[in-house]
Structures are given as structure tokens and as C-alpha cells.
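Sequence first, predicted coordinates after that:
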There are 2 protein chains.
Amino acid sequence: MRTAFYISDGTAITSEVFGHALLSLFPMEFEHVTIPFVETVDKAEEVKKQINLTAKRSGEKPFVFHTFVTPETREIIDSSDAVIYNFLEHFVNPVEQELGITAKPKSHRTHSIHENSYDYRIDAVNFALANDDGSKVTDYEHADVILVGVSRSGKTPTSLYLALQYGIKAANYPFTDDDMDDVALPEFLKKHKKKLFGLTIEPLRLREIRDGRMANSKYSSSRQCRMEVREVEKLYKKERIPYINTTSFSVEEISAKIISEAGLQRYKY
Amino acid sequence: MRTAFYISDGTAITSEVFGHALLSLFPMEFEHVTIPFVETVDKAEEVKKQINLTAKRSGEKPFVFHTFVTPETREIIDSSDAVIYNFLEHFVNPVEQELGITAKPKSHRTHSIHENSYDYRIDAVNFALANDDGSKVTDYEHADVILVGVSRSGKTPTSLYLALQYGIKAANYPFTDDDMDDVALPEFLKKHKKKLFGLTIEPLRLREIRDGRMANSKYSSSRQCRMEVREVEKLYKKERIPYINTTSFSVEEISAKIISEAGLQRYKY
């Protein structure tokens, strides 16, 4: 199998996203190796050896995706026995010409604590945890969004993703079996109705997920799952709460849709 | 201020990472606008109007970073009054030649639920929550890593990031004031010593963070912060627990370092 290296003097997250997006266009499997924090010439030489050994063993040049800024380390990696893709290089000149200014590369530009947004994100994580699963319903005035939905419809991972990636304060509140006789918005949600965003899910998929946690229970029965989803969707429609069906979406996709549809302000770019 | 658009038929995360990495090389502020899920010709036409309006109002062509796959929508965006950067386009040909196969673009290639790693990640989030802050110490055999450290040294956000981004099951356990007379590893940690990874932090920064939560308490006093950090670092050295100082690192950087130093297996690329 061909090996793809993602290398950087920082986290290598940019190289990974870039390389992964590119390779995902090809119907082929790769062996992925990430090497972050290649900050010294010694470390770069060591990585070069590893790349060359991989080339020798496999008889195929590995792919190397990198985003080095300092020339000393970059040149060492560039001289290894590999196919090198440095996507920044290709685009720096056109952008310089367009902006009429010169690039001033510095290390740890992205994904570091020096981003302005950093404290927002940690605060938002703490907020999401404190306001997870209806554990606290008295602090919704500080929420940017309040996710509602039945148990296991994706509220918690989405709240955490919104917080960690974007610094958005997301509370979440579950509608449980006890609410189902007459699902209505409790007063503490009604007060913040504009912040509500509903999640829903196919009853079959919900059953599968709940079964993994509590097999053969009422909670995971087809009947219960169908009923809860039906009642909750009825409520969303009645109260005109925007909602999305999470069944076939990842947490990244759900989050991107919520940000876009609810017009949320993000604290990280 | 110049506007940068990040546009895609998916989450637009790839366009954002690409555009952000490129623009961060330039000492200049930008107005950022992300538009995900541009999946239809109608939506693309609407976005084109928005771009053209921005160009007209500001008198400057906006930057557009996109990763469209379907030609119908891409051509509409490409025809707007903007500077277009499509980084995939530049690299597809070289990779095709290198691999000797043709690219087969499909939508939602990355950041979607169709990635194999998806269930791992959601399981890992549930694991991190259930094993947060020492709330459960009986399930460490299922942990990939156990983060230890004093309160507010970064354990929880790091555990959640490792889970959400990489599907790594990270438990975390706090050393508290009660442990400080004679800091030692409790039996349930000793059993899993190889999984331990320590976090530490500058006492001054720790004090600042704790003060934000509980001002003028013993917990946030300089003396207490210095003492806790000193005792815990002593323990790391005595027990040869690998550790990092989180003071000047982001959660992305801390996570990348832990993965790399602890040799953790990731479930997402």
C-alpha cells in the first residue's frame, strides 16, 4: 500500500486536511502517517530517513504533504525520496500579487493557542458540559443555541463539536418518555424559543443506537422510538422550531448546517 | 476589509482550513464568510449574487476558496466577480500521473458520516464523558490513554478533542488537594500505568484560570497552585510518566503531541 506522510512544524492538521481531501478523490487505499512538530534540523533529518526507508521497503515513493514555513527544515524534507506536495507554495505568489503585499510566514500560524478565539472555545466547552442533557436549565440566557431532541439523537456530540471547533455555546435539553403524553415546551425553553434548534432521527437508526446501550428495553423498543420521534417532530412543527434529521449526517455536517441555518456567530476561523 | 468566502457542496471545512492556512501567511485582516452545502444550481446562483454584491459594495474582488466536485455548481461560482482558489484542481493532475489512475470525485468525501471512523468517534465521546474527571475509575481497561493532572490543567477539553477528532478513548483523572500530602498513584491508575499521560501548567497561568472560576479561594491562591504543580511534576518524574506543559499550547497542539509521544492509534484520518 502506498504511504502518505503528513508533516509539519506545527500540528500537521492543515497538511492532513489538504492531503486527505486530495487523496479522497482517488479510489485507492493509503497508509497514513502523521508527523507533527518537526521543528529542528535533527528531527527533519530523522523524518527524512523514515521516508527514505519507506520508499526503499515498498519500492514506491511515498507521498509527502507538508506545510513547512522555515526553509532549513523544509529543504531537508523536500530532498527525501518522495513525491512532495506543498500546497502553500503554489498559492502564495498569486495571493501576493493580488494583495500587493509580501507573505510573512511564521510558525504555528493556525491551530495554536495564539488564535484570538482560544479562550472562547475553552469557555464554550465548559458551558456545553455544564448545560449538557438538561442538567442545568437556568443559564440559557448565555447560550448561543439550545439543541433539543429525544435521547440519542446526537445532541451531546454536536454541542461539544460546536464548542471545541467554533467557540459556540450550545446547551442541550432532552425530551424524555415522561414528556411524551403531551409534549410541550417547558417554560425555561419557551423563554428562549429563538435559540432552540431541534434534532431528529429515523426511528430505525434510533432503535439501533439505543439497543447498543440498553438492549431489549422499553427505551430501545421500535414502538417507543417511533412514538418519541413522531411526538417531537410534531412539536417542532407546531412551535416552528427549525430542525434537522441527523440520521445520515456526521457531527461536522450537523454542526455546519446548524450554524448556517440558525445564523450563529462563530468565534473561530 | 477584504472578504474571503469558503464555499463547498459539503461542510466547507476543507476550504476553510485551506484558505485560512494560506491567508494566515499575510499580515492582514479578512472578513470571513463560510457557505456550506451549496448543492444545487439555484443555491449556487444565489451565492454568486452574494459574492458579486460584496465585490460591488467594497470595490474589491472577494477571495473565494472552494472545493466543488460537480461541474455545474462549480462553474457558476467560478464565473462570479472574485479571485477563485480551487486547490484541488491544481493537484489532481500531478497525483493522477503519479498514481496512473484517474480521479473519481464524489461529493461528501470527507467530514461525512460515511467515513469508517464515524462510530468510533461517537463511542469515544461517550467514553470521554463517562470517564471525565475521575467520575469513573473502573473502566480504564477500555481507555486508549488516561490523562492525569491538577484541576484546570486542560484534561477535559483535550479528552474531548481526542475523541471527537480522532476516535481516541481518553479518560481523565484529577489530582486534588486531598492527594497533595503524599501524591502517589492510586491502585486503579497503577494498574494502567502505561496508559498514563500527565499534563502540567505554569502556576501563574493556573492561578489565572482558577481565579476566573473561584476568585480569592484557597483553590485559586498562588501558593496552592504552585504547590499542586510542584507535587504533581514530582510524581511524573518519580513514576516516569510522560507529560507536557500545556501553558502555551492549544488543545490541537496538546492532542497532536500526546498522540505522537504516546504512539496512539487514531481512528480518523
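The structure has been received and is ready for your questions. Bear in mind that the values here come from a model prediction, so they are computed numbers and not experimental data.

can you list the residues of the stretch 151-269 of chain A near chain B?
A:156-157, A:160-161, A:164, A:248-253, A:255-257, A:259-260, A:266, A:269 (Cβ under 8 Å from any Cβ of the partner chain). In this view, the C-beta of every residue, glycine as well, is placed from N, C-alpha and C.

Of these, which belong to helices?
Among those, the members falling in helices (DSSP state H) are A:156-157, A:160-161, A:164, A:251-253, A:255-257, A:259-260.

Could you tell me which of the residues you listed count as buried?
When those are checked for burial by 16 or more other Cβ atoms under 10 Å in any protein chain shown, the buried set is A:156-157, A:160-161, A:164, A:251-253, A:255-257, A:259.

With distance to B:Glu187 and pLDDT as extra columns, can I get the residues you listed in TSV?
Shown next, in TSV, are these (distance: Cβ to Cβ, whole Å; pLDDT from 0 to 100):
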residue	distance to B:Glu187	pLDDT
A:Thr156	31	97
A:Pro157	32	96
A:Leu160	31	97
A:Tyr161	35	96
A:Leu164	33	94
A:Val251	36	94
A:Glu252	40	94
A:Glu253	43	94
A:Ser255	40	96
A:Ala256	45	95
A:Lys257	46	95
A:Ile259	45	96
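
how about CSV for these, with distance to B:Ala171 added?
Output for those, formatted as CSV (distance: Cβ to Cβ, whole Å):
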residue, distance to B:Ala171
A:Thr156, 17
A:Pro157, 17
A:Leu160, 16
A:Tyr161, 20
A:Leu164, 18
A:Val251, 21
A:Glu252, 24
A:Glu253, 28
A:Ser255, 25
A:Ala256, 29
A:Lys257, 31
A:Ile259, 30
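
re the thing from before, which members of the ones in helices among the residues of the stretch 151-269 of chain A next to chain B are the farthest-apart pair?
Distances among those were taken as Cβ to Cβ; the most separated pair is A:Thr156 and A:Ser260, at 20.8 Å.

show me where chain A has strands.
Secondary structure of chain A (DSSP state E): strands at A:2-7, A:30-35, A:63-66, A:83-85, A:145-150, A:170-175, A:196-200, A:243-245.

Any chance of these in CSV with mean neighbour count and mean pLDDT as columns?
Shown next, in CSV, are the strands of chain A (neighbours: other Cβ atoms under 10 Å in any protein chain shown; pLDDT from 0 to 100):
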stretch, mean neighbour count, mean pLDDT
strand A:2-7, 24, 96
strand A:30-35, 18, 94
strand A:63-66, 26, 96
strand A:83-85, 19, 95
strand A:145-150, 26, 98
strand A:170-175, 24, 97
strand A:196-200, 23, 98
strand A:243-245, 20, 97
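
Nearest to B:Asp181 among those would be which one?
Set against B:Asp181 and scored by Cβ to Cβ, these come closest in strand A:170-175, at 38.7 Å.

need the strands of chain A in CSV with distance to B:Lys56, can you?
Shown next, in CSV, are the strands of chain A (distance: least, Cβ to Cβ, whole Å):
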stretch, distance to B:Lys56
strand A:2-7, 40
strand A:30-35, 43
strand A:63-66, 37
strand A:83-85, 36
strand A:145-150, 32
strand A:170-175, 36
strand A:196-200, 33
strand A:243-245, 33
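
Which one, of those, ends up nearest to B:Lys49?
Comparing the strands of chain A by their distance to B:Lys49 (Cβ to Cβ), the top pick is strand A:243-245, with 25.0 Å.

that older thread, which one of the buried ones among the ones in helices among the residues of the stretch 151-269 of chain A next to chain B is nearest B:Ser220?
Nearest to B:Ser220 out of those is A:Leu164 (Cβ to Cβ; 24.8 Å).

so who does the closest one touch?
By Cβ atoms under 8 Å, 6 or more residues apart in numbering or on different chains, A:Leu164 lies in contact with A:121, A:124-125, B:157, B:160-161, B:164, B:251.

any low-confidence regions in chain A?
Scanning chain A for pLDDT under 70 picks out the ranges A:107-109, A:113-117, A:268-269.

90 instead?
A:27-28, A:67-71, A:86-90, A:104-120, A:177-184, A:212-213, A:265-269 (pLDDT under 90).

how does it divide into domains?
Here the domain parsing of chain A from automatic domain parsing is A:2-99, A:118-262.

Of all these, which one is nearest B:Gly149?
domain A:118-262 (14.9 Å).

now the helices for chain A?
A:13-23, A:41-58, A:71-78, A:87-99, A:118-130, A:155-166, A:187-190, A:203-213, A:222-239, A:251-262.

Out of these, which one sits most buried?
Greatest average neighbour count among the helices of chain A goes to helix A:155-166 (a mean of 26), per mean count of other Cβ atoms under 10 Å in any protein chain shown.
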